[in-house]
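*Asks:* Next comes the sequence, and after it the predicted model I'd like to discuss.
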Amino acid sequence: MGKVISLEKAISFIKDGGSVMIGGFGAVGTPQRIVDALLAAGTKDLTIISNDTGWEDRGLGILVTAKRVKKLIVSHIGTNKQSGIQLNAGELEVELVPQGTLAERIRSSAFGLGGILTPTGMDTAVEEGKQKINVDGKDYLLEKALRADVAILFAAKADTFGNMTYKGAAVNFNHIMAGAAAVTIVETDELVNIGEIDPNQVITPGVFVDYVVGGK
């Protein structure tokens, strides 16, 4: 079966109460058309794993603003006032993870690992409830791998197999999220045939991608 699917088919993989990894940093590199369609579909009670919560009116922040999210696993929420408002009102659960730790927890899942050992967060609130492991006389926190039901990513260009290239910093979390979910879907502005991307320019191989949504 081919990997190229419609926008409607893409959002059908995301169910109420499901967990979703969303690429992007702020609104840069966010698969905005899929996020917009998800909003229009009314999908709710989502657990979202991403670097941040975007802005109130763009990026994945529109899902937060519409109160479609029950839990966030992110490195910060400061660019979206609605995240803080809902957190303080008890309407939204937020797990704040140091940015590097968040990236490595996602990456470890994509590579089939159970988690990582890190000194980041030792002797702070971050260590509460977490297992400590001593290696050669030094204590580390065990940070467990993060995995989602669906990962939605954005590439500047992708071929029909899912080989992906990015524009500048838009690579951000998109690359490491590929393979860290049961289903990985990439949205691309430019969809080309297999062989039309120079192999040396491929950043994320299509083997990590299940489906592709093309076109602007």
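*Replies:* Thanks, I have it. Residues are numbered from 1 along each chain as shown.

*Asks:* Looks to me like L102 is in a helix.
*Replies:* Yes: counting by DSSP: H, G, I helix; E, B strand; the rest coil, L102 is part of a helix.

*Asks:* Surely it and S75 touch.
*Replies:* Yes: using Cβ atoms under 8 Å, L102 makes contact with S75 at a distance of 5.1 Å. C-beta here means a position set from N, CA and C on the backbone, and glycine is covered the same way.

*Asks:* Can you pull the residues that touch both of those two?
*Replies:* Both L102 and S75 are contacted by N51, under the criterion Cβ atoms under 8 Å, 6 or more residues apart in numbering.

*Asks:* who has more neighbours, these two?
*Replies:* Neighbour count, other Cβ atoms under 10 Å: between L102 and S75, L102 has more, with 24 against 18.

*Asks:* Strands of the protein, start to end?
*Replies:* Secondary structure of the chain (DSSP state E): strands at 19-22, 46-49, 69-74, 93-96, 115-118, 132-135, 138-144, 148-159, 164-165, 181-192, 211-213.

*Asks:* TSV for the ones you listed, including distance to L60, mean pLDDT and mean neighbour count?
*Replies:* Output for the strands of the chain, formatted as TSV (distance: least, Cβ to Cβ, whole Å; pLDDT from 0 to 100; neighbours: other Cβ atoms under 10 Å):
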stretch	distance to L60	mean pLDDT	mean neighbour count
strand 19-22	5	98	26
strand 46-49	6	98	22
strand 69-74	8	98	21
strand 93-96	14	96	14
strand 115-118	24	97	17
strand 132-135	33	97	10
strand 138-144	23	97	16
strand 148-159	9	98	26
strand 164-165	19	97	24
strand 181-192	13	97	21
strand 211-213	16	98	24
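
*Asks:* V202: which of these is closest?
*Replies:* Across the strands of the chain, V202 has its closest neighbour in strand 164-165 (6.4 Å, Cβ to Cβ).

*Asks:* hmm, what's the outermost residue in this protein?
*Replies:* When distances to the mean C-alpha position of the chain are computed (Cα atoms, centre = their mean), the maximum falls on G137, with 34.6 Å.
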